[in-house]
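**Student:** Here is my input; please provide its structure:
(chains A and B)
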Amino acid sequence: GENVEQHPSTLSVQEGDSAVIKCTYSDSASNYFPWYKQELGKRPQLIIDIRSNVGEKKDQRIAVTLNKTAKHFSLHITETQPEDSAVYFCASMNRDDKIIFGKGTRLHILP
Amino acid sequence: NAGVMQNPRHLVRRRGQEARLRCSPMKGHSHVYWYRQLPEEGLKFMVYLQKENIIDESGMPKERFSAEFPKEGPSILRIQQVVRGDSAAYFCASRNRDTGELFFGEGSRLTVL
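**Tutor:** I've put the predicted structure just below:
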């Protein structure tokens, strides 16, 4: 069945440095790739997304890249701040609109 | 525009009892997803429904679990004869058909004693 692999499971970066989280998907027909941020005890919230007809998208300090050939997409956070500490989930949506999530990356921003 | 509403937020059940979790999607959204999240783990897909129709229930255990989304009223995730392993947070989300974005509810946290 469909699968989304996410790495790393935990990531610690110094405040101000960049963080990169990577995901791969198995269904080549997937066409939509959102990223969600979940703070402790809260609901997941969308931070950025990308569609299969676009290779890169940026929103202030956050960017996402997509390599359809390799079935690989990444989240990049630059100039990290303490409030970026959270769990980040990648996801992919297939042609039947089923949305599968990766297992999450716990990001720690170190002072 | 109210967001996705889930209730109850917290539910405690003893082994063997039934749990019913309810989800009202955002206004104008006709597609509902249910996910299960264990502590320190990811969001595991359970089921995807639209009104009066289960589209994909491949993530739902074959026994004890069922879901519905009637023409009127909220979507309901029902767990019969709960066991300790059912303890988790159950998140419901509804999807904007135009953008694809999933909007999550606050989750229902089930504890089985």
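
**Student:** low-scoring stretches of the chain, by residue?
**Tutor:** Since you didn't name a chain, this refers to chain A. For chain A, the stretches with pLDDT under 70 are A:1.

**Student:** I was thinking of chain B, sorry if that wasn't clear
**Tutor:** Scanning chain B for pLDDT under 70 picks out B:1.

**Student:** got the residues of it near chain A?
**Tutor:** Within chain B, the residues that sit near chain A (Cβ under 8 Å from any Cβ of the partner chain) are B:31, B:33, B:35, B:41-45, B:48, B:55-56, B:58, B:91, B:95, B:100-107. Backbone N, C-alpha and C define where each C-beta goes, glycine included.

**Student:** residues touching residue B:6, list them.
**Tutor:** Contacts for residue B:6 (Cβ atoms under 8 Å, 6 or more residues apart in numbering or on different chains) come out as B:21-24, B:90-92, B:105-108.

**Student:** What strands line up against the helix or strand containing it, and which way round?
**Tutor:** Assigned by DSSP states H and E, residue B:6 belongs to strand B:5-7. Strand pairing for strand B:5-7, determined by DSSP bridges: strand B:19-24 (antiparallel).

**Student:** by contact count, what packs against the helix or strand following the strand it pairs with?
**Tutor:** Remark: after strand B:19-24, the chain's next helix or strand is strand B:31-37, criterion DSSP H and E. With contacts taken as 3 or more Cβ pairs under 8 Å, 6 or more residues apart in numbering or on different chains; DSSP states H and E, strand B:31-37 sits against strand B:43-50, strand B:75-79, strand B:88-95.

**Student:** What pairs with the second one, parallel or antiparallel?
**Tutor:** Paired with strand B:75-79 in the same sheet, following DSSP bridges, are strand B:19-24 (antiparallel), strand B:65-68 (antiparallel).

**Student:** highest average neighbour count across the ones you listed?
**Tutor:** Greatest average neighbour count among those goes to strand B:19-24 (a mean of 20), per mean count of other Cβ atoms under 10 Å in any protein chain shown.

**Student:** what angle do that strand and strand B:43-50 make?
**Tutor:** 60 degrees (axes from the mean of the first three to the mean of the last three Cα atoms, to 10 degrees).

**Student:** what does strand B:19-24 contact?
**Tutor:** Contacts of strand B:19-24 (Cβ under 8 Å, 6+ apart): B:4-8, B:11, B:13, B:32, B:34, B:74-79, B:82, B:86, B:90, B:92, B:94, B:105, B:108, B:110.

**Student:** One more: stretch A:59-67?
**Tutor:** Applying Cβ under 8 Å, 6+ apart, the external contacts of stretch A:59-67 come out as A:33, A:35, A:47-50, A:52, A:54-58, A:72-80.
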